[in-house]
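1. one predicted model, sequence on top.
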Amino acid sequence: MKPFAALFRKDLLLIAKAESQAISTVMFALVLAAVSAFSFRILGFRAEDTRALVPGILWMIFLFVAAVALNQSMALEREQRAMRGLLLSGVDPFLVFQSKSASIGLFLFVVQAIVIGGVGLLLGVDYGPAAPGLFLVAALVVFGVSSLGTVLSAMAAASRARELLLPLLLFPLALPALIAAVSVGRSVLEMGRIDWSDLWLLFLAGWAVINWTLGWLLFGFIEGD
Amino acid sequence: MESNVSTGVVEQPDALSRFASWTPLAKSPWMPRVIPAAAFLAFAAALYLIFVVAPDEKVMGAVYRILFLHVGAAVSTYLLVTILLVGSSFYLVTRDDGWDLAASAAGTAAFVFATMVLASGMIWGHSAWNRWWNWEPRLVSFLVLWFILFAYVMLRAMFQQREEERKFASILGIIAAVNVPIVIFSIKLLTHREQLHPEVVGNQGLSDPRYVYAFIAGCTAMLLLAVVVWSLALGANILRYRLAAARRRRNI
């Protein structure tokens, strides 16, 4: 566990040290929330109507923010070929993958929590008892997307057009999670609680686990030869 | 092994040999002659069965005939995605470049066939639903698959180092192929209210045997065409690979 703790600390520090980037990512998320509020509220949707749009808005914003955050974090690693050096030092690639995806996942979860709050505030939607359900969905989506995104962004970072390549790879692959998250989010908002027998919830968890497994199996191939 | 002094690259005189001896492409007449000929005959038979033998359908008239090739193209896309998965996995394990060339050819061909499925589905949809695009689950799942395959093709164009391109394309190939059934399943999970796509075969809809013949012939022809397109793309990839190797050897 010790090497993982050290790596995880390093990755969190990396996010914290680049504080202007972290703050900018949060601001970007809030700008997106404001843009959606402008697009939907101003045009005459009332608060009751926008409630139906909220799950979609939440996870669309999340995908955009995730793409930006993943690109940023991998660009830092790429600059001095830090990750290659790390792997050459004999650390298990699985641990590198774990700490990278866990740290970016933690960051994304915090950002998504802010987005959930911001969207509720700006669109005038009161989540009430549905809030814990939304956070649970957020945790599952973050788990899957950060695993998948860590592998994809490590590859995209080496390309000529990483800003373009990562969303192009990530968005279509994350669509099943988006559909599931919107679906669960909608039922949570309608019922005000989590429906544990919801098939989509199971699907979302399964999707996250499959993509985590893929990341675990494939990450070692990215920097190693 | 000869060493290239100026670049430090160690040349493998015929890195493809292991793969080339496995693939029937090298010398046997199967890939270049027999399968294209079979595909040509199958297409002739399929077109005859589809346009002459199979009767018009009660509701849609003649337009429904696009279905025979549409389904064949969809099955071919899945076959090519399977080749993509196998080629990518074997490349990562063996690092034999031939596997990557096979996977790359399959990825490109799969994109072409997915485009055919989307185009024929839209043409069919226009006459069935009077709309070019419907947010119908099956159509959407192919749109997502089409985006994923496009990303694969794009990824291959974005790296300067061949080694990196091969490695990353194989990783993406595996991720993409594993996610294809998930995408299809996720969209199947959507409520049946939203399902407009006909379940022809599942609902025993092909009652007249003439429909069955046309259906089987259409699928066979498309599958053979997929193998031909794949082997042509693979042949082009091998030529390109040998050209690059020859250029490196001569320092061009």
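-> Perfect, I can see it now. Numbers count the residues shown, from 1 in each chain, chains lettered A, B, ... in the order given.

2. residue contacts, A:S146?
-> Residues near A:S146 by C-beta atoms under 8 Å, 6 or more residues apart in numbering or on different chains: A:66, A:70, A:101-102, A:104-105, A:108. Quick note: C-beta positions are derived from backbone N, CA and C, even for glycine.

3. correction: A:T50
-> Contacts here follow C-beta under 8 Å, 6+ apart; on that basis A:T50 touches A:40-41, A:123-125.

4. and if you look at B:S88?
-> Listed by C-beta under 8 Å, 6+ apart, the contact partners of B:S88 are B:99-100, B:103, B:169-174, B:177.

5. then B:A176?
-> Here B:A176 is in contact with A:173, B:81, B:84, B:148-149, B:151-152 (C-beta under 8 Å, 6+ apart).

6. how about the residues you listed in CSV, adding secondary structure, pLDDT and distance to A:A34?
-> Output for the contacts of B:A176, formatted as CSV (DSSP: H, G, I helix; E, B strand; the rest coil; pLDDT from 0 to 100; distance: C-beta to C-beta, whole Å):
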residue, secondary structure, pLDDT, distance to A:A34
A:L173, helix, 92, 28
B:V81, helix, 95, 40
B:L84, helix, 95, 41
B:I148, helix, 92, 31
B:L149, helix, 94, 35
B:A151, helix, 92, 30
B:Y152, helix, 93, 35
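
7. as CSV, the residues you listed with distance to B:L118 would be great.
-> Shown next, in CSV, are the contacts of B:A176 (distance: C-beta to C-beta, whole Å):
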residue, distance to B:L118
A:L173, 18
B:V81, 15
B:L84, 18
B:I148, 13
B:L149, 11
B:A151, 16
B:Y152, 16
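
8. can you tell me if the lowest-mean-pLDDT helix or strand in chain A touches chain B.
-> Scoring the helices and strands of chain A by mean pLDDT, DSSP states H and E places helix A:82-88 at the bottom, with a mean of 77. No - against chain B, helix A:82-88 shows no contacts by C-beta under 8 Å from any C-beta of the partner chain, the least distance being 12.0 Å.

9. what's the closest of the contacts of B:S88 to B:R250?
-> Checking these against B:R250 with C-beta to C-beta, the nearest one is B:D100 at 23.4 Å.

10. most neighbours among the contacts of B:A176, which one is it?
-> Counting by other C-beta atoms under 10 Å in any protein chain shown, B:L84 has the largest number of neighbours within the contacts of B:A176, with 30 neighbours.

11. find the nearest non-adjacent residue to it, please.
-> With C-beta to C-beta, 6 or more residues apart in numbering or on different chains as the criterion, B:L84 has its nearest non-adjacent residue at 4.3 Å, and that residue is B:A106.

12. and the one you found, what does it touch?
-> B:80-81, B:83-84, B:87, B:230, B:233.

13. and with 10 Å instead?
-> B:79-88, B:149, B:152, B:173, B:177, B:226, B:229-230, B:233-234 (C-beta atoms under 10 Å, 6 or more residues apart in numbering or on different chains).

14. the closest residue to B:V140 other than its chain neighbours: helix or strand, and which one exactly?
-> Nearest residue to B:V140, sequence neighbours excluded (C-beta to C-beta, 6+ apart): B:I187, at 5.7 Å. Per DSSP states H and E: B:I187 is located in helix B:162-188.

15. could you pick out the longest helix of chain A?
-> helix A:47-79 (DSSP state H).

16. picking that back up, out of the contacts of A:T50, which is nearest to B:E165?
-> A:F40 (41.9 Å).

17. so the closest one makes contact with A:M60?
-> No - counting by C-beta atoms under 10 Å, A:F40 stays clear of A:M60, with 11.7 Å between them.

18. residue ranges with poor pLDDT in chain A?
-> Applying pLDDT under 70 to chain A picks out residues A:1, A:43-44, A:224-225.

19. can we see that at 80?
-> A:1, A:17-19, A:40-50, A:76-90, A:162, A:223-225 (pLDDT under 80).

20. thinking again about what came up before, now the angle between helix B:162-188 and the helix or strand hosting the residue nearest to B:L84, please.
-> Applying DSSP H and E as the criterion places B:A106 in helix B:97-129. Calculated by axes from the mean of the first three to the mean of the last three C-alpha atoms, to 10 degrees, helix B:97-129 forms an angle of 30 degrees with helix B:162-188.

21. check which residues of helix B:97-129 are buried.
-> B:97-118, B:120-121, B:124-125, B:128 (16 or more other C-beta atoms under 10 Å in any protein chain shown).

22. how about stretch A:33-43?
-> Buried, per 16+ other C-beta under 10 Å, within stretch A:33-43: A:33, A:36-37, A:40-41.

23. now those residues in TSV, with distance to chain B and secondary structure?
-> Formatted as TSV, the buried residues of stretch A:33-43 follow (distance: C-beta to the nearest C-beta, whole Å; DSSP: H, G, I helix; E, B strand; the rest coil):
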residue	distance to chain B	secondary structure
A:A33	25	helix
A:S36	20	helix
A:A37	25	helix
A:F40	19	helix
A:R41	24	helix
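
24. name the nearest of these relative to A:A6.
-> Of all the buried residues of stretch A:33-43, the one with the least separation from A:A6 (C-beta to C-beta) is A:A33, at 35.6 Å.

25. if I look at the closest residue in space to the closest one that isn't next to it in sequence, how far off is A:L199?
-> Distances taken as C-beta to C-beta, 6+ apart put A:G118 closest to A:A33, at 4.2 Å, once the chain neighbours are dropped. Using C-beta to C-beta, to the nearest Å, one obtains 30 Å as the distance from A:G118 to A:L199.

26. more crowded one of the two?
-> Between A:G118 and A:L199, counted using other C-beta under 10 Å, the more crowded position is A:G118 (21 against 12).

27. the more buried one and A:V26 touch, don't they?
-> Yes - counting by C-beta under 10 Å, A:G118 does reach A:V26; the two are 9.4 Å apart.

28. and the angle for the strand or helix carrying A:A154 with helix B:162-188?
-> According to DSSP H and E, A:A154 maps onto helix A:131-156. Inter-element angle recorded for helix A:131-156 and helix B:162-188: 150 degrees (by the same axes, to 10 degrees).

29. quick one: distance of helix A:131-156 to the chain centre.
-> 4 Å (C-alpha atoms, centre = their mean, to the nearest Å).

30. report the buried residues of it.
-> Neighbour-count burial for helix A:131-156 [16+ other C-beta under 10 Å]: A:131, A:133-134, A:137-138, A:140-156.

31. check stretch A:190-199 too.
-> A:194, A:198.

32. close to chain A: what parts of the stretch 1-150 of chain B are there?
-> B:88, B:91-93, B:95, B:137, B:140-141, B:143-150 (C-beta under 10 Å from any C-beta of the partner chain).

33. helix or strand with the lowest mean pLDDT in chain B?
-> strand B:2-3 (a mean of 40).

34. what helix or strand is A:D126 on?
-> Counting by DSSP H and E, A:D126 is part of no helix or strand.

35. could you tell me how many residues sit around the residue nearest to it when sequence neighbours are not counted?
-> Once flanking residues are discounted, A:D126 sits nearest to A:G120: 7.0 Å by C-beta to C-beta, 6+ apart. For A:G120, the neighbour count with other C-beta under 10 Å is 19.

36. now swap in B:S76 and tell me
-> 27.

37. ditto for B:F43
-> Around B:F43 there are 18 residues (other C-beta under 10 Å).

38. how far away is it from chain A?
-> According to C-beta to the nearest C-beta, to the nearest Å, B:F43 stands 32 Å off from chain A.
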